[in-house]
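Fold the following.
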Amino acid sequence: MTKTLSGKVALVTGGSRGLGAVAAAALAEAGADVAISYVASEGKAAAVVETLKAKGVRALAIQADQGDPTTAEHVIRDLLEHFGKLDILVNNAAVAWQGKSIDDPEIDNAAMDRQWSINTLGVIANIRSACKVMTDGGRIISIGSGLGTRIAFPGTTDYAATKAAVVAYSKGAARDLGPRNITVNVVQAGIMDTEMAAGSKDNLPPIIMESHAIQRFATLDEVASAILYLAGPSAGFITGTVLDVNGGFTA
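Sure thing, here's the model as predicted:
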């Protein structure tokens, strides 16, 4: 792979597993030094750091709970102390708590509120903290969901709304940061082949897969490739955009 990101520094939130780990590896393969954040999986985060270093780049793991938006400042501070700058932010950390209608008496409102804190308020805090120190020409990429655009089945209201809010914030941030040539985009991923989805392939309600033009799970590499493209030099004139990598769910 051409080292198109040599000299760049990237932060991938939720980078200890799943898409975050794969995206971090793709950025490192392209030459970027990479920091990842994680909540509790210290061992997994350390293993990812060693994998990244083996690619010949610098790497760092920072513990932070994105559900507490005040931690964003310390993540950026630790990153700057280690690397000296920030060029690329990938907002990957998120949760997906779905399945109940909002009028269901069994719905866990506390869990829904925490989902908002992680998926929306935490992402906003990351963008606010990062953009203050990001180099001109930097890249901000947030991982969304096709549910942020199309609600194809019930039981997803709060989750879908958290992702729709990130799209709106990203479009506004693209306007605010455009004078500095910082691009802000969203990759709306489809159902991915992750640990979180393990065991669910054969148990999903038929309507979910039938809502996709390509009726399979996305591979992590497919979504990471979209992130890598938006982070790279060829995407400098793409901002305020939603890139759907969800098998036609939003078609």
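
separation between A165 and N119?
Distance, A165 to N119, using C-beta to C-beta, to the nearest Å: 8 Å. Backbone N, C-alpha and C define where each C-beta goes, glycine included.

More neighbours: which of these two?
A side-by-side neighbour count of A165 and N119, using other C-beta atoms under 10 Å, places N119 first with 29 against 18.

Quick one: neighbours of the nearest residue to that one once chain neighbours are set aside, just the number.
Closest residue to N119 apart from its sequence neighbours, by C-beta to C-beta, 6 or more residues apart in numbering: T162 at 3.7 Å. Using other C-beta under 10 Å, T162 has 27 other residues around it.

Isn't T162 up against S117?
No. Using C-beta atoms under 8 Å, T162 and S117 do not qualify as a contacting pair, with a distance of 9.3 Å.

quick one on the thing from earlier: list the contacts of the strand or helix carrying the residue nearest to N119.
Following DSSP states H and E, one finds T162 within helix 157-177. Contact with helix 157-177 is made by 91, 94, 96-98, 101-102, 112, 115-116, 119-120, 123-124, 127, 131, 140, 142, 144-145, 147-149, 151, 183-186, 188, 239-242, as judged by C-beta atoms under 8 Å, 6 or more residues apart in numbering.

and what of stretch 95-105?
106-108, 111-112, 114-115, 118-119, 145, 154-159, 196.

Could you pick out the buried ones from those?
When the contacts of stretch 95-105 are checked for burial by 16 or more other C-beta atoms under 10 Å, the buried set is I107, M112, Q115, I118, N119, S145, G155, T156, T157, D158, Y159.

Of all the residues in the helix or strand I76 falls within, which ones are buried?
Assessed by DSSP H and E, I76 sits inside helix 72-83. By 16+ other C-beta under 10 Å, the buried positions in helix 72-83 come out as A72, V75, I76, D78, L79, F83.

sorry, back to before: if I look at the residue nearest to N119, how far off is G247?
Taking C-beta to C-beta, one finds T162 at 21 Å from G247.

before we move on, what about H74?
37 Å.

same question, G18
18 Å.

And L80, by the same measure?
The separation that L80 has from G247, given C-beta to C-beta, amounts to 38 Å.

What of G146?
9 Å.

Tell me the one of the buried ones among the contacts of stretch 95-105 nearest D221?
The closest of those to D221 turns out to be S145 (C-beta to C-beta; 18.4 Å).

mind listing what that closest one touches?
A96, Y159, A160, K163, Q188, A189, N246 are the contacts of S145 under C-beta under 8 Å, 6+ apart.

So in terms of bridging, what pairs with it?
A189 (DSSP bridges).

these two touch, right, A152 and I207?
Yes. In this structure, A152 is within contact of I207 by C-beta under 8 Å, at 7.0 Å.

Those two: which is more packed in?
A152 (15 against 10).

What is the burial count for the closest residue to the more buried one other than its chain neighbours?
Once flanking residues are discounted, A152 sits nearest to S211: 4.3 Å by C-beta to C-beta, 6+ apart. Neighbours of S211 under the rule other C-beta under 10 Å: 21.

Quick one: the helices in the stretch 51-200 of the chain, in order.
For the stretch 51-200 of the chain, the helices defined by DSSP state H, counting those that start in this stretch cover 72-83, 109-116, 122-133, 157-177.

pLDDT score for the nearest residue to A59 once chain neighbours are set aside?
The shortest distance from A59 to any non-neighbouring residue, by C-beta to C-beta, 6+ apart, is to L52 (3.7 Å). Residue-level confidence at L52 comes out at 98, pLDDT.

do the one 5 residues further on as well
V57 is assigned 98 on the pLDDT scale.

so what's it up against?
Counted by C-beta under 8 Å, 6+ apart, V57 has contacts A28, G31, A32, D33, V34.
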